[in-house]
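1. 3D, please:
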Amino acid sequence: MNDVLKSLTISERGGGKVTGLRYDSMDPLSHRLADFPFQIGGAEPLSAMFDQLKGARLELKFGGETVAGAIVNGRLVAGSEKQPEREQLTLMLDGGELRTVDLSAATGVRFTDATLQQQFRDYLAALAAARSKDKRSVYIDSTDARERELSPAT
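-> I've put the predicted structure just below:
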């Protein structure tokens, strides 16, 4: 990355102004992931991740029904001879009712908070980027949002 930054020349034409240059962090993955309000363990169930987000709002789809509420807790329920192991979430619905739902029955789960949804995307992107250590992204910040064409200097 140092070689790229040493030889990079940016010239702006057309009224905008380059305000900054950023690139992917070289911090260890554990440091980058520590900034998130949740952790996704390798072998932990999804309910354990949701349990870290008590109070966050979710929307779950069960066929034609949509259930929305704040997370009270998430847990893994041990199986028995009659019933397999299952993951459950307890939600406080808008009307104040507590409802326990089976995560495996949900056909869709969505965070209703756009910030939390973006954090989840960013977390997954950090995991994906860590798998390809030879790839790095460079970001050029500008004063306007116009699209630009980039080309190598000759």
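2. now residue 20: how far from residue 143?
-> 10 Å (C-beta to C-beta, to the nearest Å). Just so you know, the C-beta spots here come from the backbone N, C-alpha and C atoms, and that holds for glycine as well.
3. neighbour-wise, which of the two wins?
-> residue 143 (11 against 8; other C-beta atoms under 10 Å).
4. Pull the number of nearby residues for the closest residue to that one other than its chain neighbours.
-> The shortest distance from residue 143 to any non-neighbouring residue, by C-beta to C-beta, 6 or more residues apart in numbering, is to residue 17 (4.5 Å). Per other C-beta under 10 Å, the neighbour tally for residue 17 reads 9.
5. My understanding was that residue 17 contacts residue 140; is that so?
-> No: using C-beta atoms under 8 Å, residue 17 makes no contact with residue 140, being 11.2 Å away.
6. Show me how far stretch 70-90 is from its chain's centre.
-> Relative to its chain's centre, stretch 70-90 lies at 24 Å (C-alpha atoms, centre = their mean, to the nearest Å).
7. Other residues contacting that stretch?
-> 45-51, 53-58, 60, 91-92, 98-104 (C-beta atoms under 8 Å, 6 or more residues apart in numbering).
8. Please list the members of the residues you listed that lie in strands.
-> Counted as lying in strands by DSSP state E, out of these, are 57, 58, 60, 91, 92, 98, 99, 100, 101, 102.
9. Show the secondary-structure elements that the helix or strand containing residue 31 is packed against.
-> If you go by DSSP states H and E, residue 31 is part of helix 29-33. Packing partners of helix 29-33 (3 or more C-beta pairs under 8 Å, 6 or more residues apart in numbering; DSSP states H and E): helix 114-131.
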